[in-house]
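[1] The following block contains a protein sequence and its predicted model.
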Amino acid sequence: MHNQFQVIQRDWLEAVEAIGNTSIDLMYVDPPFNTGQTQTAGAGSYEDAWESTDDWLAWFRQRLEATLPKLKPTASILIHTDWRTSHRVRVLLDELLGEDHFVNHLIWRYGLGGSSPRRFARKHDDILFYAIDPESYYFDPPMVPATSNRMKGQLKKATDVLDVPSINNMASERVGYPTQKPLALLQLLIGACCPPGGTVLDPCCGSGTTLVAARQLGRIPIGADQNPDAIHITRERLKKAPSPSG
Ligand SMILES: C[S@@+](CC[C@H](N)C(=O)[O-])C[C@H]1O[C@@H](n2cnc3c(N)ncnc32)[C@H](O)[C@@H]1O
């Protein structure tokens, strides 16, 4: 079971139709951020423009609502957004699940990016963590290097601010897909929020970072993307990704 995976070239909305009810342990989604641009890099591009934030939210809500029945009663949800939509997504999740199902507002602090004379530099993304059942979701606290002098060289439990460098230009994991996320970030999230052997769904999988990390950690990945370039890259990456069970 551990070495299986599923990669679906479809719109998120259609892709989840084929997934069994109450079968997913963790949904992580890194949707288009509503930047108003076409996201382009060497290995592909995707449209990221809506008329308004309301339109983006309607798009997102429809897909999220279709996905919720696919999650196990013990499942968790991680929604990766930024300053453009995180506040709207939080209100949406409070409405759909209940505000007591909120677990964390994670900050992914990535360091890179420009500065502005008009405001504080924007150097983080937001990852909203909700549980289907706040009493029974899985959580294995990830350990990260301690930074204080007193604990130098030791590990400590991660806080809700995750310091993970974004992928540098020379990194071997870089595949050239726009907005590719670092494997280290997904490994940390999946290890913490999906039980070993569990199933991870990423319905906007892009270059397949979530699927590769899930496979490396002995979880079963299911990914979808409507972009054929993304699906091709994901399949190629998965071919090379070792799973603990071979
Ligand atoms: C932010 S990127 C994901 C990047 C990915 N996390 C990675 O590490 O490569 C968003 C992805 O959503 C996909 N997408 C946009 N609309 C979609 C839809 N309706 N259904 C499925 N995928 C969609 C885009 O093609 C793009 O690959």
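    Sure thing, it's come through.
[2] ok, the residue of the chain found nearest the ligand - contacts?
    Residue nearest to the ligand within the chain: residue 206 (2.6 Å; Cβ to the nearest ligand atom). Backbone N, C-alpha and C define where each C-beta goes, glycine included. Applying Cβ atoms under 8 Å, 6 or more residues apart in numbering to residue 206 gives the contacts 30, 46, 177, 178, 179, 180, 181, 225, 227, 230, 234.
[3] just residue 112 next, same as before
    123, 165, 166.
[4] cool, residue 111 as well?
    Taking Cβ under 8 Å, 6+ apart as the test, what residue 111 contacts is 123, 163, 165, 166.
[5] That one in helix, strand or coil?
    coil (DSSP: H, G, I helix; E, B strand; the rest coil).
[6] what pLDDT does it get?
    Listed pLDDT for residue 111 reads 80.
[7] And the helices in this structure?
    Taking DSSP state H, the helices of the chain run over residues 12-15, 53-67, 86-97, 183-193, 209-216, 228-240.
[8] quick one on the thing from earlier: distance-wise, check the residue of the chain closest to the ligand relative to residue 125.
    14 Å (Cβ to Cβ, to the nearest Å).
[9] Could you do residue 110 as well?
    7 Å.
[10] same deal with residue 6?
    26 Å.
[11] Also residue 76?
    Taking Cβ to Cβ as the measure, residue 76 and residue 125 are separated by 18 Å.
[12] Between these two, tell me which one has more neighbours.
    When neighbours are counted by other Cβ atoms under 10 Å, residue 76 and residue 125 differ, and residue 76 comes out ahead with 26 against 22.
[13] Report the beta-bridge partners for the more buried one.
    For residue 76, the beta-bridge partners under DSSP bridges are residue 26, residue 131.
[14] residues contacting it?
    Per Cβ under 8 Å, 6+ apart, neighbours of residue 76: 25-27, 103, 129-132, 137-139, 193-194.
[15] Give me the pLDDT for the nearest residue to residue 207 once chain neighbours are set aside.
    Of all residues not flanking residue 207 in the chain, residue 177 sits nearest, at 3.6 Å (Cβ to Cβ, 6 or more residues apart in numbering). pLDDT recorded at residue 177 is 97.
[16] isn't residue 177 right next to residue 233, touching?
    Yes. With contact defined as Cβ atoms under 8 Å, residue 177 reaches residue 233; the gap is 5.7 Å.
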